[in-house]
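Enquirer: Need a 3D model of the following:
(chains A, B, C, D and E, ligands or ions: 4)
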Amino acid sequence: MLKVIQLDKTYGSNKHSLKAVNFTAQPGEVTAIIGPSGAGKTTILRSINQLIRDDSGQILLDDQDIRQANKGELRKIRHHIGMIFQNYNLINPLTALENVLHGRLGAKSTVAGMLGLYSDDEKSEALALLDEVGLKEYAYQRCDQLSGGQQQRVGIARALMQHPKMILCDEPIASLDPKSTKIVMDILRKLAREKQLIILINLHQVDIALEYADHIVGINSGAIVFEGPTDEVNDGVLQKIYRQADQPGAVVTANEN
Amino acid sequence: MLKVIQLDKTYGSNKHSLKAVNFTAQPGEVTAIIGPSGAGKTTILRSINQLIRDDSGQILLDDQDIRQANKGELRKIRHHIGMIFQNYNLINPLTALENVLHGRLGAKSTVAGMLGLYSDDEKSEALALLDEVGLKEYAYQRCDQLSGGQQQRVGIARALMQHPKMILCDEPIASLDPKSTKIVMDILRKLAREKQLIILINLHQVDIALEYADHIVGINSGAIVFEGPTDEVNDGVLQKIYRQADQPGAVVTANEN
Amino acid sequence: ASGTSTNSSSKGSSAGKDGKAITVVFYPNESAKSFATSRDALKKSIEKATGKTVKLQTTTDYNVAIQAIASGKAQLAYMGANGYIQAHKLSKDVVPFAAQSDGEGTLKKATYNSYLMVQQKDADKYQENGKYSIKNVKGKKMSYVSNSSTSGFLVPTAEITREFSIKDGDKDKLTQSGQFFSKVLYGGSHQGSAVNLIKGDADVAAFDDADLMPYLKATKGSWDKVGSTFTVKDDAEAPFNSLKGKSVVNIAMMPVQQGPWVFNTKTLSKDDQTKIAKEFTSQEFADNEQIFSKPGSKKTSMFPKKTEKTKLLKVTDKWYAPTHKLVGY
Amino acid sequence: MIENSQPNPNALQPSAPKSKHISLVTKPRKILRTVLAVLAIISIYSLATLNSSNLNLADAFHSLGVNLNAMFLHPSVGQDSWGQLLQALVTSVSLALLTTLLGAVVAFFIAVGAARNLAPSWLATGIKAVMAFIRAIPTILWVLIYSVVMGIGASAAVVGLTFHSVAYLVKAYSESIEETSQDTIEALKASGVGFWPIVFQAILPSIVPALLSWTFIRFEINFANAVAVGAAAGADDIGYFLFMAGNFYFNFHEVGLIVYLLLGVAIVLELISMKLRGHYLKHN
Amino acid sequence: MKTNYQSPQQFYRQRRLRMLIVLLILIGIYVGSMLLVKFQTWNSIVKIPAGLIWLFHNFIPTERSISYLGPILYQLWRTLLVSISSTIVASIFALMAAILGAKTTTPHRSVSLVIRFGASLLRNIPVVAWAMILLFSFKQSDFTGFLALFFMTLGYLTRAFTETIEDLDAEKIQALQAVGANYFQCVFCGVLPEAASTLTSWVLYMIENNLRDATLVGLLTGTGVGFLFDTYFKSFRYDAAGLIVLLIAILVILLELTSTQIRRAIA
Ligand SMILES: Nc1ncnc2c1ncn2[C@@H]1O[C@H](COP(=O)(O)OP(=O)(O)OP(=O)(O)O)[C@@H](O)[C@H]1O
Ligand SMILES: Nc1ncnc2c1ncn2[C@@H]1O[C@H](COP(=O)(O)OP(=O)(O)OP(=O)(O)O)[C@@H](O)[C@H]1O
Ligand SMILES: [Mg+2]
Ligand SMILES: [Mg+2]
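Expert: Residues are numbered from 1 along each chain as shown, chains lettered A, B, ... in the order given. Ligands and ions are numbered 1, 2, ... in the order given. Next up is the predicted model:
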């Protein structure tokens, strides 16, 4: 179980980006974080695996506080947390296959990892994962030669390669077409169910969140304004989540499709 | 009216990305191009304003073939075509305001353009446009300090600054939250209606396309598989559009939300 | 006179003739900081003689100095004999007008010495029937000063060429390692070349007397005799400070003509030429201690006098015929 | 570089993923390895054939130690005064400033013509070839040329040094320009913006950090060059004192002091450059 | 940065004022330096063509210079070897130094500072000083030339590599950190592949640069094409010196073409 307690984060000196954030995410469930642009969704995710470090509060993964982990411990913890990024963040000049194999780095000895010595089993698994996201034939292509959607799917395969306990996804489907979206979301939900993973997804698309998430966390201007099971989300809740500071004149209604 | 006739495009020597593409887009209407990732949506859009030049076929804007235009003519034509990009493509170190004003550069003399000499009216207009997309208070912020959604909205304001006849949008809302999506799509539709603009949008989200577009163009593997008014789109059509070559095992169904 | 055109009457457009400043350029050797007083004194003399302002130009590059006088950008220069021949070849307008006399105040022995020296412990190997010869230098490690030096390069190579009857086209072989010599070093200065020898990096080294006198003293024989032994002085400064007491022997000695004062006749007016030549060769000029230091004086000026009779004498291109022959043109 | 330890080179068949051995080696990777191997072999061959016969390493390092000690631990002004040295230092810095400023302005405009994403490829290639040629001519030769044409003095030094400055910066600037994202350029092109407005409104602001960093590197080089050959043209800079101390008086102590002065300038420069770069980069 | 302006007009006024101040400072520096060293900008600019004419007039290789071709080509080859080996050896050390020194990958800030300072030291010791230090200890030999090039290349490459690494997209490295990769893994699997093409460009550029710095190598070693240039130059055989310059230029251009090809092939 992931438990975030009183998480605070201030960028620079004046910008309060997260204010006393509390929420939990259960294994076996898909938890979606939704909220307007700039609300702090990305900031929460990055604080969880401590890519952003100068914060305060507690982040308990299976009762261990990630924020207290020392360097070595943090590496181990991170190896069990997959992460998928909004901007893919693949190593461009390498092939899709190699990028997927990077998912194993956390489990390797320093030297083996440095030299990229992967076992045949690992390589087969990586290929299988690429197949799973529909990119088998692009395995040997440089990543910067793939289209946006294709790149994002490589990123997803990389996270899966980690055999993670938890996957953090920062708008993983922002550049995917509906079909790929469905495939990916299905995989993520399946992983949550079958392997009892904690899946935490930042989403812009409320419809996708409502369809796939079991648990919803709503955030606005750095503060949690809603947390609960998906079926408790109604128009009033959405209105509260999407009330925006930077669009004062606009009428507050949720996207209605 | 935009009329694309037998447009062909081959990347490198073997990849046939567009195959005899034909479609039309009417002023006053929102035309959406939908299709799976890698289908060629971006390629079509870039061919229209000749950012991709080594193609064949005809592209008639108000009966003038853009492909036949010489350099000077092309510049003039382009100034009347706004474009909004998937990756924002703003000049990062400049402020939002400056980026919006770039929309005027095409109408300026070389020297005025080089030095960035804008009239007071233009500056006020730029600020007003930023206000319209909800970013008034970010006008003086560097673009790389804005969140993804905010950046995209600056890009939209820049296109509007051109007073275009036609706006080409390459997944303009991929990184926007539902609220901003609605605002932007409303603006675009309003522009189409009120100023009789041709609005051509690449979209991943079928739901948005169905809600906002008047006219739908479906593309798969570089070929148009559907063209017609939005209400003619049904599940069969969507299935045809989203049948994908690179996911042979997956069942072909349209996103059902 | 071999092609001398002292009377060149072509219209110069540059400084000197227009009554503007006269530029004097110095070789790197004479650009030394310690000669600043001498240079200033020269400037005053020329200004007094011509009534024009004088601009002093130091340089650290031989080519720049030579090109400057040859192109007429500078009107006056003090050069080495070899450099003068080069400049004269580039432009016939460069003409010598004065050179330092010998101890007798004549031009007969107006030379200084260039040597080929070896370490004292090896000196015997270069003796034949009690006489030193350079027959054995072939295949040894050789050190020159730099390839633009008259006494540290041109004269020694000419001597070797003569001794071994080397053909003109093969002269370059003397300048590179692994051909005539097993190794060829360039000391960068006369001192540097001597250091190469004394430290044992070279077996044979070429350098002159004038530059080494502050560091070496003749412990057997004299500066004017082949086969003399020279020892590093006890109070020698860097780079000899760690080499005190070491000795070298000269196995060959070649006279080198004193370098001339030259002017560029195209850009210096005839009138000024006469005035300057007259001033320089005057006794008053020779008595100027800021320019000529007294024999044995502690403080050295640009031109140390051998005897009281030393002064500048008028010379022409013809006098340099021996060096012309040495250079080959 | 990521390499795979597969011992069996026959199994390197990317298109046969079914086989038990899966190779990560693609064709570009093979070429890269070949290039690296060739370079390594050349290096080893070259090092092996270096002529260092008369070298006794122990002695050499001992003497190196002694000289470094004299230079850096016992610096002194030698026969010169602080005033002379500092004034000459200022002259050197001025020479470097002039050549850098002149070079930067001229180079920027030429660089626009030499960038492959802006100019036709024949022009870019042509300019780059000319620049390569200019760089192949040693600095001292440029200085010589202009002391012949203009007379000895600072002007000749500045003009001579500026040639290399321009040639170097054209290459550096044009490569920075080539690195600006094609997408951002396209965005403006797509709205019908002409060539020069794109250069000044899109490219210039995007590459300011790169330009700054290149210009500062070049300033450093210009400073070094001014020291090395400024004196040859009689510019009366610190290079003159360095030449005298080094080549004429063998005064390690004074050379050490001058090196310290030069380092002082370099460090001040580095600090300024870091500050400016930080100012432009920190917002990313 | 101030982010609240009253109007866009005011914003532009301020921006323009700032530009003007920067411009004035630069002009001030220029004019100041100009007066200080007595540089005559206009007079100098108009003489530029005359210099080029002089260059071509004097340095065009003649028939006689062709007879020097043999030794020139041999020494060019030796010089090429030395520039390649010094660059390659230096780049290995520079890469290690850069990874330790780059702000994004440094293990500690102080290490970064030490490396920056060290690199700056190597770069800023002037040629004359290098000549003194190395010649006195290592004598005139190929090895001395190699050492001089090695140290100077090390200084430049360390700086160039450091900045290349710092310019990489930090998020990509973060993506690997997020996987649990440790420091060395991030460097070898993320930083190096991502920076490889830029680093390669630098190495190839330095080879070219070192080839050009052959004049210096010649000075230190008494061998190489630089020494030949020096000999011909000082004995006023300008045609032969011109031939050397021409050959170096051709070689440099060939190197550049090759390196472009290589970079394209490994992309
Ligand atoms: N590195 C940074 N420095 C300063 N402020 C930042 C930084 N990163 C983000 N912010 C600010 O923090 C706030 C939260 O940003 P965050 O990226 O977490 O939002 P988000 O919800 O992920 O937005 P989006 O949906 O657009 O990605 C925003 O107001 C943003 O401007
Ligand atoms: N510069 C290029 N060189 C080679 N192939 C390319 C290039 N750009 C795109 N392609 C290929 O052309 C096809 C069409 O690409 P395009 O970017 O138009 O697709 P898209 O429909 O916009 O995809 P997405 O929804 O992922 O953005 C893809 O298969 C892609 O791999
Ligand atoms: Mg975000
Ligand atoms: Mg696309």
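
Enquirer: which regions of chain A sit below the pLDDT cut-off?
Expert: Across chain A, the ranges flagged by pLDDT under 70 are A:13-14, A:148, A:175-178, A:244-257.

Enquirer: residue ranges of the helices in it, please?
Expert: A:41-48, A:71-79, A:96-101, A:110-115, A:120-132, A:148-160, A:178-195, A:206-212, A:235-241 (DSSP state H).

Enquirer: how about the fourth one: buried residues?
Expert: Of the residues in helix A:110-115, A:Ala112, A:Gly113, A:Met114, A:Leu115 count as buried by neighbour count, 16 or more other Cβ atoms under 10 Å in any protein chain shown. Just so you know, the C-beta spots here come from the backbone N, C-alpha and C atoms, and that holds for glycine as well.

Enquirer: still on that earlier bit, could you dump the helices of chain A to a markdown table with distance to chain D?
Expert: Output for these, formatted as a markdown table (distance: least, Cβ to the nearest Cβ, whole Å):
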| stretch | distance to chain D |
| --- | --- |
| helix A:41-48 | 15 |
| helix A:71-79 | 19 |
| helix A:96-101 | 6 |
| helix A:110-115 | 6 |
| helix A:120-132 | 4 |
| helix A:148-160 | 12 |
| helix A:178-195 | 20 |
| helix A:206-212 | 27 |
| helix A:235-241 | 29 |
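
Enquirer: Could you point out which of these sits nearest ligand 1?
Expert: helix A:41-48 (3.1 Å; Cβ to the nearest ligand atom).

Enquirer: Spell out which parts of the stretch 51-200 of chain E neighbour ligand 2.
Expert: Within the stretch 51-200 of chain E, no position lies close to ligand 2 (Cβ under 6 Å from any ligand atom).

Enquirer: Spell out, range by range, the helices that occur in the stretch 51-200 of chain E.
Expert: E:63-66, E:69-101, E:109-124, E:127-138, E:142-167, E:170-179, E:183-185, E:192-212 (DSSP state H, counting those that start in this stretch).

Enquirer: Please identify the deepest-packed of those.
Expert: helix E:142-167 (a mean of 24; mean count of other Cβ atoms under 10 Å in any protein chain shown).

Enquirer: ok, A:Gly113 touching E:Val187?
Expert: No - checked against Cβ atoms under 8 Å, the pair A:Gly113 and E:Val187 is beyond contact range at 10.2 Å.

Enquirer: hmm, back to that, would JSON lines of the buried residues of helix A:110-115 with distance to ligand 2 be doable?
Expert: Converted to JSON lines, the buried residues of helix A:110-115 look like this (distance: Cβ to the nearest ligand atom, whole Å):
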{"residue": "A:Ala112", "distance to ligand 2": "33"}
{"residue": "A:Gly113", "distance to ligand 2": "30"}
{"residue": "A:Met114", "distance to ligand 2": "32"}
{"residue": "A:Leu115", "distance to ligand 2": "31"}
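
Enquirer: Mean neighbour count, the helices of chain A: which tops it?
Expert: Mean neighbour counts for those (mean count of other Cβ under 10 Å) peak at helix A:96-101, with a mean of 28.

Enquirer: That helix close to chain B?
Expert: No - Helix A:96-101 stays clear of chain B (Cβ under 8 Å from any Cβ of the partner chain), getting no nearer than 12.3 Å.

Enquirer: other SSEs contacting that helix?
Expert: Packing partners of helix A:96-101 (3 or more Cβ pairs under 8 Å, 6 or more residues apart in numbering or on different chains; DSSP states H and E): helix A:120-132, helix A:148-160.

Enquirer: Can you report how many residues lie near residue 243?
Expert: By default, I'm working from chain A. 16 (other Cβ atoms under 10 Å in any protein chain shown).

Enquirer: Hmm, no, I was thinking of chain C.
Expert: 15.

Enquirer: I'd like the helices and strands packed on helix A:96-101 written out as a markdown table, with distance to D:Ser147 added.
Expert: Shown next, in a markdown table, are the helices and strands packed on helix A:96-101 (distance: least, Cβ to Cβ, whole Å):
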| stretch | distance to D:Ser147 |
| --- | --- |
| helix A:120-132 | 66 |
| helix A:148-160 | 58 |
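
Enquirer: which one of these lies closest to chain E?
Expert: Taking Cβ to the nearest Cβ, helix A:148-160 is the member of these nearest to chain E, at 7.3 Å.
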